[in-house]
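Undergrad: here is the input, now give the coordinates:
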Amino acid sequence: MKKKMILFTVIAIVAALSLSVLLAGCTTVDMSKAGPEDIKEYGKLVVATSPDFPPFENLEGDEIVGWDIDVAKALAEKLGVELEIQSMSFDAVLSAVATGKVHMGMAGISYSAKRDETMDFSVNVYDSQQMIIVRADDTSITGPMDLAGKTVAVQAGTIGNLLANMDENYAYTTDDDGNTVAILGKPGSVNALESGMLACQQLKNGTANSYQADAVILDKLPAQEIVEKLNAEGGTQLRILDDSVYGDAYAFAIGEGNKALKEWIDAAYQELVDDGTIARLNEKWDIE
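TA: A predicted model of the protein is given here:
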């Protein structure tokens with residue numbers, strides 16, 4: 001009888017421990033309100049990124065590298081914690097920040113009033129432009145208004161996506177007479193893809209009169225890197241139009257109302273500017 005009692009006790013303890021481990025695995029930490037001291041206590045700075053946006057973040061083999069990643073490393077070092085990079089699609093990065101699954105989003109993220117409803121932003125860290133990419137031999141698209149009726153490929157969730165969808169906050173401006181006017185021709189259709197590379201591949205791949213896309217709207221630096229890479233592969237050549245569609249600025253995304261983390265990031269980033277770190281990273285990643 002005594003042996004059976006001991007056996008039952010051991011089984012009960014093992015079951016209890018297994019349950020506690022299971023419950024611990026299901027526990028979700030809400031990182032949206034975590035300030036710098038909370039992150040220090042947690043021991044890790046958790047950053048979401050979409051590694052398809054060179055030179056800010058990209059894959060080299062199995063490693064995620066880029067300007068944003070190096071800045072994230074510098075911020076983690078200032079906090080005295082480990083850096084955890086989580087890779088996901090761009091849309092998922094925004095969602096992860098808004099729902100508190102990560103401390104920060106660093107993925108060439110532009111500020112927008114709509115995004116500001118569910119998350120906050122650091123100080124601006126880079127001024128960018130939205131460019132139009134076309135096939136080198138296509139003379140039918142010479143500027144933004146020529147996108148009217150065309151099939152435009154974009155990276156899902158980006159400013160280029162909002163422009164192509166004629167979002168009222170991006171695709172329109174006010175002229176000197178106070179009239180609301182479009183800054184680009186309304187595309188006939190929009191292909192929203194997981195990355196800028198996939199968008200450009202749609203533009204490049206196909207045969208005469210049967211391409212999957214007529215143009216791509218993409219941020220300037222990624223556009224330059226992707227076009228250079230695809231052109232080096234041969235086949236249909238791509239080119240970037242001279243005139244931009246829209247000017248915007250990148251920032252780091254954090255949880256809505258997280259004033260403590262925003263103030264710390266803004267101050268820490270300024271320190272990186274002042275000590276020359278940002279200038280060195282700009283040179284390393286060829287960012288002007």
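Undergrad: got the contact list for Q129?
TA: By C-beta atoms under 8 Å, 6 or more residues apart in numbering, the contact set of Q129 is D219, K220, S244, V245, Y246, G247, D248. Yep, even glycine has a C-beta here, placed from its N, CA and C like the rest.
Undergrad: one more time with 10 Å, if that's ok
TA: By C-beta atoms under 10 Å, 6 or more residues apart in numbering, the contact list for Q129 reads D219, K220, L221, A223, D243, S244, V245, Y246, G247, D248.
Undergrad: can you pull up the bridge partners for the residue nearest to I159 when sequence neighbours are not counted?
TA: Spatial nearest neighbour of I159, excluding adjacent residues (C-beta to C-beta, 6 or more residues apart in numbering): S110 at 5.0 Å. Beta-bridge partners of S110, counted by DSSP bridges, are Y250.
Undergrad: which of the contacts of Q129 sit farthest apart?
TA: L221 and D243 (16.7 Å; C-beta to C-beta).
Undergrad: circling back to that earlier point, does the residue nearest to I159 really touch D219, like I thought?
TA: Yes. Here S110 reaches D219: they are 8.3 Å apart, a contact under C-beta atoms under 10 Å.
Undergrad: the strands in the stretch 51-200 of the chain, which residues?
TA: With DSSP state E, counting those that start in this stretch, the ranges of strands along the stretch 51-200 of the chain come out as 52-53, 57-60, 63-65, 82-87, 104-110, 119-121, 126-135, 151-155, 172-174, 180-182, 189-193.
Undergrad: helices of this structure, start to end?
TA: Assigned by DSSP state H, the chain shows helices spanning 2-26, 36-42, 67-79, 90-98, 159-164, 196-204, 220-232, 259-274, 277-284.
Undergrad: out of these, nearest to I141?
TA: helix 196-204 (10.8 Å).
Undergrad: the closest one to strand 151-155, inter-axis angle?
TA: On the basis of axes from the mean of the first three to the mean of the last three C-alpha atoms, to 10 degrees, helix 196-204 is oriented at 160 degrees to strand 151-155.
Undergrad: who does helix 196-204 touch, helix- and strand-wise?
TA: strand 52-53, strand 126-135, strand 151-155, helix 159-164, strand 189-193, strand 215-219, helix 220-232, strand 238-240 (3 or more C-beta pairs under 10 Å, 6 or more residues apart in numbering; DSSP states H and E).
Undergrad: which one of these has the lowest average pLDDT?
TA: Lowest mean pLDDT within the helices and strands packed on helix 196-204: strand 52-53, at a mean of 92.
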